[in-house]
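J.: Predicted model follows, preceded by the sequence.
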Amino acid sequence: MSVLFTILGTLCSIYLLVCLIAIIITFIPGAKFTSVGKFLGAVTGPYLNFFKRFRKLIIENIDFSPVLALGVLSVLDSLFSRLAAYGTISFAIVLNCVVYVFWHLIFYILCFFGVLSLIRWIVLVVNRGQRGENPVWNGIDTILGRISYKLSAKFTKKPISYTRTLLITWVFCAVVATITYIAFIYLSYFIMRIPF
């Protein structure tokens, strides 16, 4: 049984990598029309297009469906790897996997917004706080601005710059991701002690 889960986990990892390459290729002008781009589009298109059905994943002209698609593959990979490591299925293992899936999704979202906040903060510092007229950055600013200002309002009552709100968001995401990681380790330890 563990061999089957190992194979499924490996296939998920490989497909995740192929999807990631296909997503990156879409940002290179003309690359998706090459033979490699067409092949990757044919292999990953049906899976990635499934997530494009969810219109709520398009925010301010930015499509977050690839993020969800990669997240699902990552969670499946982790789930199969955990099942392969234990070799059998029990209530404790299934419960541990369910907790792991929820933790992994939360961790993935925190890391995504944390890294996005950090990248945007670096770009703003390099550009000396000038936002510019780039439509991609404007869309990202619209999304991050809402989150960053609401989050910063929890820590300070005085108005602060957008650059500082991004820094607060990055620190918050890093701290919460670390705390949830530690909590998951302890929770997983106790779950695996369940005798059935």
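T.: Cool, the structure landed. Residues are numbered from 1 along each chain as shown.

J.: what does the helix or strand containing Lys154 contact?
T.: Here Lys154, judged by DSSP states H and E, is contained in helix 135-155. Residues outside helix 135-155 that contact it (C-beta atoms under 8 Å, 6 or more residues apart in numbering) are 59-62, 113, 116-117, 120, 123, 131, 160, 162, 164-166, 168-169, 172. The C-beta positions use only the backbone N, C-alpha and C, and glycine is treated the same way.

J.: now with 7 Å?
T.: Outside helix 135-155, the residues that touch it by C-beta atoms under 7 Å, 6 or more residues apart in numbering are 59-62, 113, 116-117, 120, 131, 160, 162, 165-166, 168-169, 172.

J.: any idea how far Val98 is from Phe184?
T.: Using C-beta to C-beta, to the nearest Å, we find Val98 at a distance of 12 Å from Phe184.

J.: more neighbours, those two?
T.: The residue with more neighbours, out of Val98 and Phe184, is Phe184; 19 against 12, by other C-beta atoms under 10 Å.

J.: Could you measure from that one over to Ile93?
T.: According to C-beta to C-beta, Phe184 and Ile93 sit 15 Å apart.

J.: I'd like the average pLDDT over the helix holding Lys154.
T.: Averaged over helix 135-155, pLDDT sits at 81.

J.: for the residue minimising distance to the centre of the chain, what are its contacts?
T.: Centroid check for the chain by C-alpha atoms, centre = their mean gives Tyr108 as the closest residue, at 3.8 Å. Contact partners of Tyr108, counting by C-beta under 7 Å, 6+ apart, are 71, 74.
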